[in-house]
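> Okay, predicted coordinates and the sequence, questions at the end:
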2 protein chains.
Amino acid sequence: MVHDLNDFFYPKTVALIGATNNPMKPGTAILENLSHFNGAVFPVNPKHETLLGHRCYPSITAVPDAIDMAIIALPAQIVEQEIDAVHKKGIRRVILVSAGFAESGEAGSLIQQRVAAKTKEYGIRVIGPNALGVYNTDNDLDTFFVSRERVQRPTRGRLSIISQSGAIAVILMEALARDGMGIAKAVNYGNRLDVDDADALNYFADDAQTAAVAMYMESVADGRKFLTAAKAFAAKKPLVIWKAGKYELGTAAVASHTATLAGRYGLYEAAFRQAGAVEAYGFDHMIDAAKAVALMDYLCVGNRLLVVTNGGGMAVAASDQAQREGFTMPRLPDEVRAKLDGIFPAFFGKNNPIDLTGSGRNEDYYTALKEALPHYDAAIVIVLLGATTVTEEVTNMVARVCHEAKKPVTCCILQGFGYTQDAMHELLKLGIPVYPSPERAVRALAALKNSMKKREVCK
Amino acid sequence: MVHDLNDFFYPKTVALIGATNNPMKPGTAILENLSHFNGAVFPVNPKHETLLGHRCYPSITAVPDAIDMAIIALPAQIVEQEIDAVHKKGIRRVILVSAGFAESGEAGSLIQQRVAAKTKEYGIRVIGPNALGVYNTDNDLDTFFVSRERVQRPTRGRLSIISQSGAIAVILMEALARDGMGIAKAVNYGNRLDVDDADALNYFADDAQTAAVAMYMESVADGRKFLTAAKAFAAKKPLVIWKAGKYELGTAAVASHTATLAGRYGLYEAAFRQAGAVEAYGFDHMIDAAKAVALMDYLCVGNRLLVVTNGGGMAVAASDQAQREGFTMPRLPDEVRAKLDGIFPAFFGKNNPIDLTGSGRNEDYYTALKEALPHYDAAIVIVLLGATTVTEEVTNMVARVCHEAKKPVTCCILQGFGYTQDAMHELLKLGIPVYPSPERAVRALAALKNSMKKREVCK
């Protein structure tokens, strides 16, 4: 079955109504970003003959080819009439970028209602209004009106993003790109006149490129529909949800931001738990949890945590956080301790944490993990790359033993230098989620523990 | 009064006993780092005539000049006899870098006891053993045995660092350097055979270069002495303390790391509160709080928070965190709202948060803050630099209005690009603490609120 949303992500032909070269208007950035698209692009604007090397058409009906999807970037006031033209042209998918609808007050709300009635009548599916639309690394479709000069795009990966807020969608993408983490697809549905949170979840549940979803929401379109979709999704793949507007102050900010009702947070909490989703408490937590569930191939099936470090203080910090997250840290089994006693110098700490001290070498990480990890459910590996005896090559050691033991591992590497950044990107490439503080590495592992669904293995 | 610790931070002559050119030994890195020192350096090692361009002496007694401080980087077993030589030479300050003392087991404990008895008898003050010693940006004294190639040093600033753990001292310095934040001094006292947490606090309380202290501790040497020192310090300057080993798991990790008793966390919590210190819950929180209290010139005297943003979702996140931290977000006074109505376009959000939307310009931040900030106790300013209408210049606008209103402001700027990094460093230079997520910006402002002591203004 081809999902209704498929043409939004895999159109062969795309028209941009409101294409322009005025840098202050969204149509400019969109057209630039569409130049990467692995398909045909038709700009529409009566004032131009060509735009960015494309032939430009005076109206959508003047385009000779069949159009799978239209992006409308026009003032709200003239969108309604444009929908008639889009219908006449036989287009069934519209991304409505324009703002000035329900989010801007009563007048905009009325326009939005009329557009909704009309598109429903015509059988046109709509993403938006007040939306960035879609980003798809599979065919380089990018309808976001944010220039790549200012906001880097992530490369191909296995995480997909669903966001009610355009800014948050962009910021998540930017943060993931910065960390060297790829994504599969992203969608920002804005005022969700039609396509909503649940539709996006249903689509990604069946999308072969999506291994996990990170979702930002302030409110829900239809509670029951959402819960059904979230349950169905989380039964197949890990789902991380950041619901903002949890408390009184946040709820007020939501009313002002998306003109929607944030609803009682307790209801959301219960729904997320019921659905089997991992709840994120804020921006950093969202990123951290999403990285873990999208990257890590192995389930965290229990609470027994091993910590390996070359800096004792950081292991203490990890241990405190482990307690907060409900992990236990059983001592090393006697036979493992005895074995390590025979291999490691006397001053290495052979407890749990295993402390390789400032003298620990790359291969000591491998030895410690190889001997101890099979006796635990998961491990946190802390590497202070400032130590003289350890090098960036340690990443291969850690990844190797993680994949041999088939146990989940997250890493903490303090950031700040080219070589620490390289080590971080290398670990991500090897399938090991990596974080800039011990607390965040533990928190991410806890997300993995709370997401008992092993993500389906994707290419 | 010249404090007892002054000669550790401001010696004129320093001897390094155990200087070497073997890259695997700490004496090499220390000698390299001492080459920056604004004073005289005397390497001691019978096997070398010169080291790194310095004349090298066969023994400490062979050094012709008077020595204010000796650094000993020799195996633990021969430290005791070296103390006799140091005494004979009339040296009264020793940094004992060597490991292999109490932290390594019973035999080391005995050595440590003998060295302690001897130095006490001789009236020699000791930092260490198992310690990195001191870093002072005022005279470029740097006794840390960590190469600058691997770990960047922060430039001159107003924050000083006290750390029981060497690795944490280094990591804090590295993280601050990365963020473009300077420090005044740092000390790692390791096993604190003599100089301890309280001594360091007392010294920094009177140090003219220190405006605030960030402190990492796993245990306390002397509870009553520490509480007295912390109270006295926090009565003058802001104090941020990260006590690791809070819970059962962390406590066990402390026993394994520094062979000390972490103690009941509840007692620490109560003591920190009683002393007026800000407690940090982990690594990121420590960094965030320390930046805020060291940089910001204005007190946060109440709970009334203003949020200004160009991305609504990030403001919702900030509002949720504001609630967690006990802030309120009163609506804009009617006259301010009316005024902004006359200046800003209709689609800007003129509530609290003030949402300048993706169309907000630099000067709109200035206008919003100038009109609204005087009616609040503090503000969070969120700038998504990916928007096309805002530029790095916005940093000057934000700093200007903060300094005009004399109200505390923290910023959130998402990181990842050269230009976002530049904006962050620029804001820090202008005295505005800046963070990579809205939650962290709010948390830092809460630290400022909880540290009611205005730091003394330093050069």
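Received the coordinates, thanks.

> Spell out which parts of the stretch 51-200 of chain A neighbour chain B.
Proximity of the stretch 51-200 of chain A to chain B is confined to A:99-100, A:104-105, A:146-147, A:150-152, A:163-168, A:170-171, A:174-175, A:177-178 under the rule Cβ under 8 Å from any Cβ of the partner chain. Placement of C-beta: from N, CA and C, glycine included.

> One more: the stretch 351-459 of chain A?
Near chain B, when you scan the stretch 351-459 of chain A using Cβ under 8 Å from any Cβ, you find A:351, A:353, A:355, A:358, A:384-389, A:414-417, A:436-440.

> which ones among those residues are found in strands?
With DSSP state E as the criterion, strands contain A:Asp355 from among those.

> Return the members of the residues of the stretch 351-459 of chain A next to chain B classed as buried.
By neighbour count, with 16 or more other Cβ atoms under 10 Å in any protein chain shown, these hold A:351, A:353, A:355, A:358, A:384-388, A:414-417, A:436-440 as buried.

> Show me where the stretch 151-300 of chain A has its helices.
Taking DSSP state H, counting those that start in this stretch, the helices of the stretch 151-300 of chain A run over residues A:166-178, A:197-206, A:223-236, A:248-258, A:265-275, A:283-295.

> Pick the most buried one from those helices.
helix A:283-295 (a mean of 26; mean count of other Cβ atoms under 10 Å in any protein chain shown).

> Show me the shaky parts of the stretch 301-450 of chain A.
By pLDDT under 70, the low-scoring segments of the stretch 301-450 of chain A are A:416.

> Kindly recompute the last result at 90.
Per-residue confidence for the stretch 301-450 of chain A (pLDDT under 90) gives these ranges: A:311-313, A:346-347, A:357-359, A:385-389, A:414-422, A:450.

> ok, now the stretch 151-300 of chain A?
In the stretch 151-300 of chain A the weaker segments, taking pLDDT under 90 as the threshold, are A:151-152, A:167, A:171, A:174-175, A:178-180, A:219-223, A:246-271, A:273-275.

> Just the helices from the stretch 1-150 of chain A, written as ranges.
Using DSSP H, counting those that start in this stretch, the helices found in the stretch 1-150 of chain A span residues A:6-9, A:26-34, A:79-88, A:106-122.

> between those helices, which gets nearest to B:Ile71?
helix A:26-34 (58.1 Å; Cβ to Cβ).

> other SSEs contacting that closest one?
Counting by 3 or more Cβ pairs under 8 Å, 6 or more residues apart in numbering or on different chains; DSSP states H and E, the packing neighbours recorded for helix A:26-34 are strand A:13-17, strand A:40-44, strand A:141-142.

> How far does it sit from its chain's centre?
The chain centroid and the centroid of helix A:26-34 are separated by 23 Å under Cα atoms, centre = their mean, to the nearest Å.

> Just the residues contacting it, thanks.
Around helix A:26-34, the neighbours that count as contacts under Cβ atoms under 8 Å, 6 or more residues apart in numbering or on different chains are A:14, A:16, A:18-22, A:41, A:43, A:45, A:51-52, A:54, A:71, A:73, A:97, A:141-148, B:388.

> And for stretch A:434-445?
Stretch A:434-445 has contacts (Cβ under 8 Å, 6+ apart) with A:284-285, A:288-289, A:291-292, A:300, A:305, A:314-315, A:317-318, A:320-322, A:325, A:327, A:378, A:380, A:382, A:408, A:410-415, A:423-424, A:427-428, A:433, B:282-284.

> go on, stretch A:101-116?
A:76-77, A:79-80, A:83, A:96, A:100, A:126, A:129-130, A:190-191, A:193-194, A:257-259, B:346-347.

> Buried ones among those?
Neighbour counting over those (16+ other Cβ under 10 Å) leaves A:76, A:79, A:83, A:96, A:100, A:126, A:129-130, A:190-191, A:193-194, A:257-259 as the buried ones.

> hmm, which two among the residues you listed are most spread apart?
Spatial extent of these (Cβ to Cβ) is set by the pair A:Ile83 and A:His257 at 26.0 Å.

> before we move on, the earlier item: strands - which of the buried ones among the contacts of stretch A:101-116 land there?
Here DSSP E is the test, and these give A:Leu96, A:Val126 as lying in strands.

> out of the buried ones among the contacts of stretch A:101-116, who's nearest chain B?
Among the buried ones among the contacts of stretch A:101-116, A:His257 lies closest to chain B (Cβ to the nearest Cβ), at 3.3 Å.

> how much space between the residue nearest to that closest one when sequence neighbours are not counted and B:Thr143?
Taking Cβ to Cβ, 6 or more residues apart in numbering or on different chains, and ignoring the residues beside it in sequence, A:His257 has B:Gly312 as its nearest neighbour in space, at 3.3 Å. From B:Gly312 over to B:Thr143 the distance is 50 Å, taken as Cβ to Cβ, to the nearest Å.

> cool, and A:Tyr268?
Counting by Cβ to Cβ, the gap from A:Tyr268 to B:Thr143 is 53 Å.

> same deal with A:Thr395?
To B:Thr143, A:Thr395 is 31 Å away according to Cβ to Cβ.

> Residues of the stretch 201-350 of chain A that sit close to chain B?
Contacts of the stretch 201-350 of chain A with chain B, taken as Cβ under 8 Å from any Cβ, map to A:216, A:218, A:244-250, A:252-254, A:256-258, A:282-284, A:307, A:310-324, A:327-329, A:346-347, A:349.

> Show me what the longest strand along chain A is packed up against.
Ranked by number of residues, the top strand in chain A under DSSP E is strand A:156-163. The helices and strands touching strand A:156-163, judged by 3+ Cβ pairs under 8 Å, 6+ apart, are helix A:166-178, strand A:183-188, helix A:197-206, strand A:212-217, helix A:283-295.

> Just the CA trace of that strand, in PDB.
As requested, the backbone C-alpha atoms of strand A:156-163 are provided in PDB (Å, rounded to 0.1, in the frame of the first residue of the first chain):
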ATOM      1  CA  ARG A 156      21.700  10.500   5.200                       C
ATOM      2  CA  GLY A 157      20.900   8.600   8.400                       C
ATOM      3  CA  ARG A 158      18.200   6.500  10.100                       C
ATOM      4  CA  LEU A 159      16.400   9.000  12.300                       C
ATOM      5  CA  SER A 160      13.400  10.900  11.100                       C
ATOM      6  CA  ILE A 161      12.100  14.100  12.700                       C
ATOM      7  CA  ILE A 162       8.500  15.200  13.200                       C
ATOM      8  CA  SER A 163       8.100  18.700  14.500                       C
END
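
> Give the pairing partners of that strand; include direction for each.
Taking DSSP bridges as the criterion, strand A:156-163 pairs within the sheet with strand A:183-188 (parallel), strand A:212-217 (parallel).
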